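K.L.:
Based on what follows, work out the 3D shape:
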Amino acid sequence: MGTIKYDFTVESLGECKVKSPIELSQNYGDFRANYVRDSSFIRNRVNVFNKDDEENDPKSTYLEKAGPREFIYFNPAHVTAGICTCGGLCPGLNDVMRAVVRCLWNRYGVRRIKGIKFGYQGFFAENGYDVVDLNPRIVDDIHKIGGTYLGTSRGGGDRVVDIVDSIERLGINMMFIIGGDGTQRGSLDIANEIERRGLKIAVVGIPKTVDNDLQFIDRSFGFETAVQKATQAVNSIHMEAQSQIGGIGLVKLMGRESGFIATATALASHETNFCLIPEVPFELDGPNGFLHHLEERLANRGHAVIVVAEGAGQELLAATNATDASGNKKLADIGVYLRDRINKYFSEKNIPINLKYIDPGYEVRAAVTTANDSIYCERLGNNAVHAAMAGKTKIVIGLVHDKYVHIPISMATLQRNVVDPESSLWRDCLDATLQPIYMVNNMSTVLERLKKDRADAETKALKRLEKVNAMKK
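P.N.:
Purely as a prediction, here's the structure:
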């Protein structure tokens, strides 16, 4: 964990005095579903690499379990809930929204549920977007389609005062914000502004990041569906590649800074020969470069399949230095670049190839969820409602060691989750692809870069932590 000291303390709006309308058991062993107590926790880490575990502080070791409480903070008759979806599309947005609405309405009896159109942009009066009144009848079938029923957009999260003004005008006292890393940082700023005004409004986030790059959680919703769709693309490109003379299949997948989709797809497809991700540098030229190893693969087997994450190999391309509305760096197109470099390399060597290139990104993002992902979304949405009704705030709901927990937004957004080159996941990917551990010509230079990248990431996280701690004072 380095020098970062985590604090998983969950903030609450106040004492819970209202008896929950959900009738559950208080006792284990009576064969009835149970309430969850605030004294129930999950360990952050299960792997211990030293005999002496340095994590003796419960605040940095234990995550509060999610679930329905026997006593809640809000009287359901007085609740007006708000929901918005922000950022790029991701499989499962409608599933989560449906779960939140149905749990509020059917389990707690909440009758005022407002959908905010087009993410944070829907809060701004000048945009003229009407609020949508939601109920189970409206949302019952939305899980059967991709996208988001409420619409989405990037940006706007920095207009915190305007957003909280709008929340006040709408009479919302429970806000569910579905979005990724940047969206959740915005939701923390919103919650802090709410607290500064002395308002009793719960802000609960449901982390949406198809790249699976949110810290601590086992996986983000939509990730499994993305891998399923990406695997279908790889299987198709493999059929093309093995049917051609010198067939090469190249598939670009999502993964700006984290290569989880590409890695999982390589494992799931069983047809990938090279998996290129942002966390593992590679070079194109030279005796240990990617192109040389690709040539060897073609000589030995006659075809090859390459999976590349969109953020891989950015150091090989000219930087755009531009950002999108969410503040994300706009990436150069590694897929097109690799396609052109591969064609040029083999053309200059007079080696015939037949390269096919697929970028299924938008198809993956807009897909309907797999059954398992839909189950996950349902449970995330339900647990988000249980948390908000109990007055929990400034948290996201996540799955940790297969248990649903409350994670402070401030901790979940400190730094990105990335594929660790030393992890068993990447080791298994290397076993699946049989590619070299590193395709570089000077390993010492690469190691220095990796050490610097890790140090820079920790420094950035520490600065965020300082900012978070300053807010508490």
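K.L.:
Show me the shaky parts of the chain.
P.N.:
1-2, 48-56, 318-329, 472-473 (pLDDT under 70).
K.L.:
Chain neighbours aside, what residue packs nearest to the most centrally placed residue in it?
P.N.:
What sits nearest the mean C-alpha location of the chain, by Cα atoms, centre = their mean, is Thr209, with 2.5 Å. For Thr209, ignoring the flanking residues on the chain, the nearest one in space by Cβ to Cβ, 6 or more residues apart in numbering is Gly180 at 4.1 Å. The C-beta positions use only the backbone N, C-alpha and C, and glycine is treated the same way.
K.L.:
What's the local residue count around that neighbour?
P.N.:
23 (other Cβ atoms under 10 Å).
K.L.:
Could you pull out the helices in this structure for me?
P.N.:
Using DSSP state H, the helices found in the chain span residues 58-61, 93-102, 136-139, 160-170, 181-196, 223-242, 260-269, 290-301, 334-348, 361-365, 371-389, 409-412, 424-433, 443-472.
K.L.:
and the ones you listed as a markdown table, adding mean neighbour count?
P.N.:
What follows is the helices of the chain, written out as a markdown table (neighbours: other Cβ atoms under 10 Å):
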| stretch | mean neighbour count |
| --- | --- |
| helix 58-61 | 14 |
| helix 93-102 | 26 |
| helix 136-139 | 15 |
| helix 160-170 | 18 |
| helix 181-196 | 22 |
| helix 223-242 | 22 |
| helix 260-269 | 26 |
| helix 290-301 | 17 |
| helix 334-348 | 17 |
| helix 361-365 | 18 |
| helix 371-389 | 23 |
| helix 409-412 | 24 |
| helix 424-433 | 16 |
| helix 443-472 | 13 |
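K.L.:
Mind putting these into a markdown table with distance to Val46?
P.N.:
Listed next are the helices of the chain as a markdown table, based on distance: least, Cβ to Cβ, whole Å:
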| stretch | distance to Val46 |
| --- | --- |
| helix 58-61 | 11 |
| helix 93-102 | 27 |
| helix 136-139 | 36 |
| helix 160-170 | 37 |
| helix 181-196 | 24 |
| helix 223-242 | 21 |
| helix 260-269 | 19 |
| helix 290-301 | 36 |
| helix 334-348 | 35 |
| helix 361-365 | 31 |
| helix 371-389 | 20 |
| helix 409-412 | 18 |
| helix 424-433 | 14 |
| helix 443-472 | 22 |
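K.L.:
Which of these sits closest to Ala312?
P.N.:
helix 334-348 (5.6 Å; Cβ to Cβ).
K.L.:
which helices and strands sit right next to that closest one?
P.N.:
Packed against helix 334-348 by the contact rule (3 or more Cβ pairs under 8 Å, 6 or more residues apart in numbering; DSSP states H and E) you find strand 247-253, helix 290-301, strand 303-309, strand 354-358.
K.L.:
Distance to Met389 for those - can I get that in CSV?
P.N.:
Listed next are these as CSV, based on distance: least, Cβ to Cβ, whole Å:
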stretch, distance to Met389
strand 247-253, 38
helix 290-301, 53
strand 303-309, 39
strand 354-358, 45
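K.L.:
mind checking which of those is nearest Asp428?
P.N.:
With Cβ to Cβ as the criterion, Asp428 lies closest to strand 303-309 of the helices and strands packed on helix 334-348, at 14.7 Å.
K.L.:
From the chain's centroid, how far away is that closest one?
P.N.:
With Cα atoms, centre = their mean, to the nearest Å as the basis, strand 303-309 stands 24 Å off its chain's centre.
K.L.:
Just the CA atoms of that strand, as CSV, please.
P.N.:
Output of strand 303-309 as CSV, limited to C-alpha atoms (Å, rounded to 0.1, in the frame of the first residue of the first chain):
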residue,chain,number,x,y,z
HIS,A,303,-1.6,-16.5,-38.9
ALA,A,304,-1.8,-14.3,-35.8
VAL,A,305,-4.4,-12.4,-33.7
ILE,A,306,-3.5,-9.2,-31.9
VAL,A,307,-5.6,-7.5,-29.2
VAL,A,308,-4.6,-3.9,-28.3
ALA,A,309,-6.1,-1.7,-25.6
